[in-house]
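Colleague: just the structure for this:
(chains A and B)
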Amino acid sequence: MSIAVIILALAIGCYAVAVLEGWAVHGRLSLTRPATSALALLGREQILPRTSDRLFFEVGPVLLLVAGLLSVAVIPLAPGLIITDLAIGALFLNAALAYVLVALIMAGWGPNGAYGMVGGWRFLGQFIAYAMLIVMPITAVAMRAESLSTTQIVLSQAALWNIAYQPIGFVLFVIAAMGVAWLPPIDLPTGGGDLAGGVEAEYTGARLAVLRLARLVIIVALASATVTFYLGGWLGPWLPGWVWTALKTLAVAAGMLALGSRLPRLREAKYLELSWKLGITLALANIFLVGVIALVVPI
Amino acid sequence: MSELTQYAILLGLTLGTVGLVLSIYALARAIGRARAEPAKDVPATAGTLARDPVWVRYHAKYYGYALLFLAFDMEMAFMYPWAVVYREKGLVALLDMGVFLAILFLGLLYGWSQGALRRQ
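Modeller: Modelled structure (predicted):
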């Protein structure tokens, strides 16, 4: 029952994010555009590039979609409304998101095309930049909650949301999440106007539709993870819990998209430098600060 | 719900996703198939085959970061169990991990001073 509800909520969330992305990129708010472009993609020819690595080419988009769905599986929509309330939920989310890298490298390598390949390898560099900034802020969240279960993490924020408790971690996590979902300005693997689509360059028709759907799922997964870890999940007055989760998730996704459409693209070298020199230092300071606060203040 | 049931659900979710993708492909195939025309399957390089092969070795210019990343990623494996029992153990846990992280951070600073934190 709860599985069906969450899958339905995820589908609606993906559609809403697609509408929002159209708004952020093209400046037009069209409610039907994602549906028409999905239908158009289904009607288009599916071309298999010559001398491609068929296995990698086919598995890439599917693995990306699986990674997105598995990370959504540990995010609570409301108390009890969660696919699997694993005791190691936050760690499982990390493990699932690690496959985003694998899937994109496969999608870049598979078609044996120059643009795809460059996009795939660029994402490897991007991964090395964002990976630590995903796990380190989550550690600080787990320290406060004394648990890795996502439900416990939400409950630990009853007195004060983590965005106020550990604001440095919030900022780092959101920026790293934009890296995972290759949202602009950190969209190195696709790089619109630069790489002719990058990893998407050789995908056509239904395969491209699956690839784009998978990316939408990953954006929703990361926005809802931000809500779970930092914005108090379902907690909020008056409205029922699932409404709060949905509203906050959409707000975070809209914020990430709006931020991205206003910034110039970051080069890989610059991103690596910023993440390791500034990001890691701040993340370690965040862990230390949260450690001290958690010992002094009982909340 | 037992742990085993939860992982069975996750496996079912994975299989269901694969099934969804296969049915999307079947739907697309039912709508129509690609016509075999010459040079249609050339990768996106202005309609001609690329001059150089694509599957070759690339220089990973960020290898300095990558080596540091391995060290930090291992450290994170220790930090998750530590984070869960942190409040229970109190100050001892802070000092223990503080020493560990300080050594690791010194490693990062040393790498920085030796020029590992730039694109080679």
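
Colleague: every contact and neighbour count from this point should use C-alpha atoms.
Modeller: OK.

Colleague: how much space separates A:Ile82 from A:Leu183?
Modeller: 26 Å (CA to CA, to the nearest Å).

Colleague: brain fart, B:Gly32
Modeller: With CA to CA as the criterion, B:Gly32 and A:Leu183 are 33 Å apart.

Colleague: all helices of chain B, in order?
Modeller: Ranges of helices in chain B, per DSSP state H, are B:3-31, B:63-84, B:86-89, B:91-113.

Colleague: now those as JSON lines including mean neighbour count, distance to chain A and mean pLDDT?
Modeller: As requested, these are arranged in JSON lines below (neighbours: other CA atoms under 10 Å in any protein chain shown; distance: least, CA to the nearest CA, whole Å; pLDDT from 0 to 100):
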{"stretch": "helix B:3-31", "mean neighbour count": "15", "distance to chain A": "5", "mean pLDDT": "91"}
{"stretch": "helix B:63-84", "mean neighbour count": "17", "distance to chain A": "4", "mean pLDDT": "88"}
{"stretch": "helix B:86-89", "mean neighbour count": "17", "distance to chain A": "6", "mean pLDDT": "88"}
{"stretch": "helix B:91-113", "mean neighbour count": "14", "distance to chain A": "7", "mean pLDDT": "89"}
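
Colleague: closest to A:Leu29 out of those?
Modeller: A:Leu29 sits nearest to helix B:3-31 of all those, at 26.8 Å, using CA to CA.

Colleague: I'd like to know which elements the closest one is packed against.
Modeller: Counting contacts by 3 or more CA pairs under 8 Å, 6 or more residues apart in numbering or on different chains; DSSP states H and E, helix B:3-31 packs against helix A:33-43, helix A:54-72, helix A:205-230.

Colleague: one step back: let me have the helices of chain B in a markdown table, extended by distance to A:Tyr130.
Modeller: Converted to a markdown table, the helices of chain B look like this (distance: least, CA to CA, whole Å):
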| stretch | distance to A:Tyr130 |
| --- | --- |
| helix B:3-31 | 26 |
| helix B:63-84 | 10 |
| helix B:86-89 | 25 |
| helix B:91-113 | 16 |
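
Colleague: more neighbours: B:Gly32 and A:Leu183, which one.
Modeller: A:Leu183 (24 against 13; other CA atoms under 10 Å in any protein chain shown).

Colleague: immediately after the helix or strand hosting A:Gly125, which helix or strand?
Modeller: A:Gly125 belongs to helix A:114-145 when assigned by DSSP states H and E. Downstream of helix A:114-145, the next assigned helix or strand under DSSP H and E is helix A:150-155.

Colleague: now for the helix or strand following that following helix, which elements pack on it?
Modeller: Counting by DSSP H and E, the element after helix A:150-155 in chain order, helix or strand, is helix A:162-165. Here helix A:162-165 is seen to pack against helix A:167-180, helix A:205-230 when contacts are counted using 3+ CA pairs under 8 Å, 6+ apart.

Colleague: redo that, cut-off 6 Å
Modeller: Contact partners of helix A:162-165 among helices and strands, from 3 or more CA pairs under 6 Å, 6 or more residues apart in numbering or on different chains; DSSP states H and E: none.

Colleague: got the helices and strands packed on helix B:3-31 as JSON lines, with distance to A:Gly120 and mean neighbour count columns?
Modeller: Output for the helices and strands packed on helix B:3-31, formatted as JSON lines (distance: least, CA to CA, whole Å; neighbours: other CA atoms under 10 Å in any protein chain shown):
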{"stretch": "helix A:33-43", "distance to A:Gly120": "23", "mean neighbour count": "16"}
{"stretch": "helix A:54-72", "distance to A:Gly120": "11", "mean neighbour count": "23"}
{"stretch": "helix A:205-230", "distance to A:Gly120": "14", "mean neighbour count": "25"}
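
Colleague: with mean pLDDT and distance to A:Met256 added, can I get those in CSV?
Modeller: Shown next, in CSV, are the helices and strands packed on helix B:3-31 (pLDDT from 0 to 100; distance: least, CA to CA, whole Å):
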stretch, mean pLDDT, distance to A:Met256
helix A:33-43, 89, 19
helix A:54-72, 92, 18
helix A:205-230, 93, 9
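
Colleague: compare those and give me the one nearest A:Ile134.
Modeller: helix A:205-230 (10.3 Å).

Colleague: that closest one: how far from the chain's middle?
Modeller: 6 Å (CA atoms, centre = their mean, to the nearest Å).
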